[in-house]
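1. Predicted coordinates and the sequence they were generated for:
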Amino acid sequence: MLQCHAKSCPQGQSYPLAIRNAELEQLDAEFNADFVTRLMPKLDWAVLRKTAFELGVAELPAEIPTEPTQADLQLIHKVALETRIKEADMVCNGCGHVYPIKDGVPNMLLQDHEI
Amino acid sequence: MSRPEHTAPPEIFYNEDEASKYTNNSRIISIQNEMSYRALELLALPEDEVAFVLDIGCGSGLSGEVLEEEGHFWVGMDISDSMLEVAKEREVDGDLFLQDIGQGMGFRAGTFDGAISISVLQWLCNADKTVNNPRSRLKRFFSTLYSSLARGARAVFQFYPENSEQIEMIISSAMKAGFTGGLVVDFPNSSKAKKYYLCLFAGYKDSAGQSPELPKGLGDGDESQVTYASNRVRERRKGPVNRKPVKDKKWVQHKKELNRSRGKETPADSKYTARKRRTQF
């Protein structure tokens, strides 16, 4: 859901941010079917699928399920809400800016010249 | 009243000391809670739906906890590392970001169903570095916020404006970014309880052209205000109404008599002597 927000970054390449050196953590979150259903159209399915696969979290179906079953929703819930990246570097494909994630908190600060 | 914006930039002002206040000081917590609830009320999220809310300047996550209680999912961002550290200790549910809101935010379009922010906007009005220009920072903030909100979403900002120019600057940059809405003032007659809420609408959900109505501020009803039904009544001059003039006819005649006895040239007495002139002379 995040893209590089440096002004100089070329449009179109700023999303998605590639994730490197990830260290994952599983959280417990309350499952809420309504929320997950409403979240689905907001997701970029291809990117989510690719990221989830690369990180080895889960293998999502190739196409976004049009009529999601309970199992589909559970899976999305696990990927989107219960998985947290603890330590990683997010790298922008456009400008190569590295946003470090430390203890689950991404550092999105920019340098003065990038504003 | 001292303003913390004037002492230091936010990433320095909200150090460990200041951050610890937000966990230990029950007064700060209760005020923050109250304002968060009010902001959430103004946000007017659709009932019985779980929303995805952005908390701008989440700090230690006090306002996020309010969102959690109402069952919403939230994402928080703050510039202060120490405050986020406190938020992590409190084990809040929301995802946290270390981010300067004046640099804009990079969320995908239409991600959030709403945004709240408690006591943050006034920080944006200060230029604490040479590269920081409040106007351009506000512009960048509002335009990126606008794009990350879903159509029909609202954003509510509680803030402490320093003067009317600041309010004007903030509102005009929000309008330029495409928001509609305006300022809601709670308890406008009290200097302490008075709170400014900037209530912004990002587009319309249902029909274009019909802007949602701006919510009413609290406590600006008639009960606390004096109402003037008729025109203003001019205050009468106080003091004795029919005062006798000191230099009346008797006094003038006495003076003339004196002058005549001293051999000075004196006008003859007539019926006009010492008579009052018309008011419009």
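-> Now that the structure is in, tell me what you want to look at. Note that the structure is a prediction, hence the values are computed from the model and not measured.
2. Now do the helices in the stretch 1-150 of chain B.
-> B:4-7, B:10-13, B:16-24, B:26-43, B:62-69, B:81-89, B:121-124, B:134-148 (DSSP state H, counting those that start in this stretch).
3. Can you add mean pLDDT and give these back as CSV?
-> Below are the helices of the stretch 1-150 of chain B laid out as CSV (pLDDT from 0 to 100):
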stretch, mean pLDDT
helix B:4-7, 78
helix B:10-13, 80
helix B:16-24, 79
helix B:26-43, 86
helix B:62-69, 85
helix B:81-89, 84
helix B:121-124, 85
helix B:134-148, 86
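4. In space, not sequence, find me the middle residue of chain B.
-> B:Y196 (4.0 Å; C-alpha atoms, centre = their mean).
5. Please name the residues that touch that residue.
-> Listed by C-beta atoms under 8 Å, 6 or more residues apart in numbering or on different chains, the contact set of B:Y196 reads B:Q158, B:F159, B:Y160, B:P161, B:I167, B:L183, B:V184, B:V185. All C-beta atoms are positioned from the backbone trio N, CA, C, and that covers glycine.
6. Now, of the residues you listed, which are buried?
-> Buried members of these, scored by 16 or more other C-beta atoms under 10 Å in any protein chain shown, are B:Q158, B:F159, B:Y160, B:P161, B:I167, B:L183, B:V184.
7. ok, which stretches of chain A are strands?
-> A:18-26, A:83-91, A:98-102, A:105-106 (DSSP state E).
8. circling back to that earlier point, which of the buried ones among the contacts of B:Y196 sits closest to chain A?
-> B:F159 (22.0 Å; C-beta to the nearest C-beta).
9. Tell me, how many residues neighbour B:E91?
-> Neighbour count for B:E91, taken as other C-beta atoms under 10 Å in any protein chain shown: 7.
10. Torsion angles phi and psi at it?
-> Backbone torsions of B:E91, given as degrees, to the nearest 10, read phi 50, psi 60.
11. any idea how far chain A is from it?
-> 10 Å (C-beta to the nearest C-beta, to the nearest Å).
12. now do B:D269
-> Counting by C-beta to the nearest C-beta, the gap from B:D269 to chain A is 92 Å.
13. That residue sits in which helix or strand?
-> Element membership of B:D269, judged by DSSP states H and E, is empty: it is in no helix or strand.
14. Just the buried positions in the longest helix seen in chain A, please.
-> Counting by DSSP state H, the longest helix found in chain A is helix A:45-54. By 16+ other C-beta under 10 Å, the buried positions in helix A:45-54 come out as A:W45, A:L48, A:R49, A:T51, A:A52.
15. Export it to PDB, keeping only CA atoms.
-> What follows is helix A:45-54 as a C-alpha-only set of coordinates in PDB (Å, rounded to 0.1, in the frame of the first residue of the first chain):
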ATOM      1  CA  TRP A  45      -3.600  -8.100  -5.900                       C
ATOM      2  CA  ALA A  46      -0.700  -8.900  -8.200                       C
ATOM      3  CA  VAL A  47       1.700  -7.000  -6.000                       C
ATOM      4  CA  LEU A  48       0.400  -8.500  -2.800                       C
ATOM      5  CA  ARG A  49       0.600 -12.000  -4.300                       C
ATOM      6  CA  LYS A  50       4.100 -11.400  -5.400                       C
ATOM      7  CA  THR A  51       5.300 -10.000  -2.100                       C
ATOM      8  CA  ALA A  52       3.600 -12.700  -0.100                       C
ATOM      9  CA  PHE A  53       5.200 -15.300  -2.300                       C
ATOM     10  CA  GLU A  54       8.700 -13.800  -2.100                       C
END
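16. Run the contact check for that helix versus chain B.
-> No: Helix A:45-54 does not reach chain B (C-beta under 8 Å from any C-beta of the partner chain); its nearest approach is 9.6 Å.
17. what about the chain, any weak spots by pLDDT?
-> In the absence of a named chain, this looks at chain A. Chain A contains residues with pLDDT under 70 at A:1-30, A:57-59, A:63-64, A:66-68, A:94, A:111-115.
18. My question was about chain B, not that one.
-> B:1, B:128-131, B:204-213, B:219-240, B:281.
19. Check the gap between the residue nearest to the centre of chain B and B:S261 for me.
-> To B:S261, B:Y196 is 79 Å away according to C-beta to C-beta, to the nearest Å.
20. Where does the record place the domain boundaries for the chain?
-> Unless you meant another one, I'm taking chain A. Domains of chain A are assigned by automatic domain parsing as A:1-22+A:88-115, A:29-81.
21. wrong one, I was asking about chain B
-> With automatic domain parsing as the reference, chain B has domains B:4-246, B:249-281.
22. export those domains to TSV and tack on distance to A:M108?
-> What follows is those, written out as TSV (distance: least, C-beta to C-beta, whole Å):
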stretch	distance to A:M108
domain B:4-246	4
domain B:249-281	77
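23. Could you verify that B:Q253 is part of a helix?
-> Yes: B:Q253 sits within a helix when classified using DSSP: H, G, I helix; E, B strand; the rest coil.
24. can I assume it is in contact with B:P267?
-> No: with contact defined as C-beta atoms under 8 Å, B:Q253 does not reach B:P267; the gap is 11.6 Å.
25. Just want the residue of the stretch 1-150 of chain B that's nearest chain A.
-> Using C-beta to the nearest C-beta, the single residue of the stretch 1-150 of chain B nearest to chain A is B:G106, 3.3 Å away.
26. still on that earlier bit, show me which of B:Q253 and B:P267 is the more surrounded one.
-> With neighbours defined as other C-beta under 10 Å, B:Q253 and B:P267 compare such that B:Q253 has more, 13 against 9.
27. which residues touch that one?
-> B:D269, B:T273, B:A274.
28. separation between the first one and B:R278?
-> It refers to B:D269. B:D269 is 21 Å from B:R278, where distance means C-beta to C-beta.
29. More neighbours: these two, which one.
-> B:D269 (13 against 5).
30. isn't that one right up against B:H254?
-> No: here B:D269 does not reach B:H254: they are 11.8 Å apart, not a contact under C-beta under 8 Å.
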